[in-house]
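In: Return a 3D structure for these sequence lines:
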Amino acid sequence: MWWRLKYADFMRQRGEENRKALKQIVDSGNVPGILAYTNEQPIAWCSVGPREDYMRLERSRNLKRVEEKPVWSVVCFFVAKPFRGKGVTVELLEAAVNYARDHGGKIVEGYPLEPKKGRLPDPFVYTGLVSTFRKAGFSEVLRRSETRPIMRYVIKE
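Out: Sure thing, here's the model as predicted:
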């Protein structure tokens with residue numbers, strides 16, 4: 001819900017209220033993201049949807065729109081600990097591109113981190129890493145921040 005709400009609204013409904021809000025999105029029939037499974041067990045999550053679904057992107061100085069073309073956005077990931085470092089995030093990105101394509105998307109953007117040096121703790125890289133986006137075929141299109149570029153995948157017709 002972080003990317004979908006104003007900061008004040010997110011903080012006001014922290015915890016259970018944000019979980020309920022996400023469940024309401026799912027119950028409404030809107031798909032807020034995709035899941036990865038192993039042996040019928042969910043192991044990972046990726047939030048993907050039209051950029052307009054993510055109010056914080058629309059209000060961000062660093063991540064404001066590159067241009068007025070419609071884009072789909074990948075804003076966050078979660079991968080269960082036993083499956084981290086095994087390429088699951090690349091697979092989620094590829095699935096997100098396919099999902100966007102299947103729903104009329106032509107451009108998919110992501111807003112990953114590129115650490116200045118060293119490895120960041122897992123909770124800090126919930127938006128993904130630049131290296132992961134590159135492995136999935138994304139290219140950098142703009143960088144207004146030293147550590148957070150805008151990466152794109154243009155879907156071929």
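In: Next, the buried residues of the helix or strand encompassing residue 133.
Out: Using DSSP states H and E, the element containing residue 133 is helix 130-135. Neighbour counts over helix 130-135 (16 or more other Cβ atoms under 10 Å) mark 130, 132, 133 as buried. Every residue, glycine included, has its C-beta placed from N, CA and C.
In: The nearest residue to the second one once chain neighbours are set aside: what's it in contact with?
Out: In space, not counting the residues next to it along the chain, residue 132 is nearest to residue 89; the distance is 4.9 Å by Cβ to Cβ, 6 or more residues apart in numbering. Contacts were defined as Cβ atoms under 8 Å, 6 or more residues apart in numbering; by that measure residue 89 touches 44, 46, 77, 79, 128, 129, 132.
In: swap the cut-off to 10 Å and go again
Out: Residues near residue 89 by Cβ atoms under 10 Å, 6 or more residues apart in numbering: 36, 44, 46, 77-79, 83, 112, 125, 128-129, 131-133, 135-136.
In: wait, is it part of a helix?
Out: Yes. Assessed with DSSP: H, G, I helix; E, B strand; the rest coil, residue 89 lies in a helix.
In: how close does it sit to residue 136?
Out: Computed as Cβ to Cβ, to the nearest Å, the residue 89 to residue 136 distance reads 8 Å.
In: what residues does stretch 50-61 touch?
Out: Residues contacting stretch 50-61 (Cβ under 10 Å, 6+ apart): 1-7, 9-10, 25, 30, 32, 47, 63-65, 69-73, 75-76, 100, 103-105, 107-109, 111, 144-145, 148, 150.
In: Show me what counts as buried in it.
Out: Those would be 51, 53, 54, 56, 57, 60, for stretch 50-61 by 16+ other Cβ under 10 Å.
In: SS state for the nearest residue to the third one once chain neighbours are set aside?
Out: With Cβ to Cβ, 6+ apart as the criterion, residue 54 has its nearest non-adjacent residue at 4.2 Å, and that residue is residue 3. For residue 3, the secondary structure call by three-state DSSP comes out as helix.
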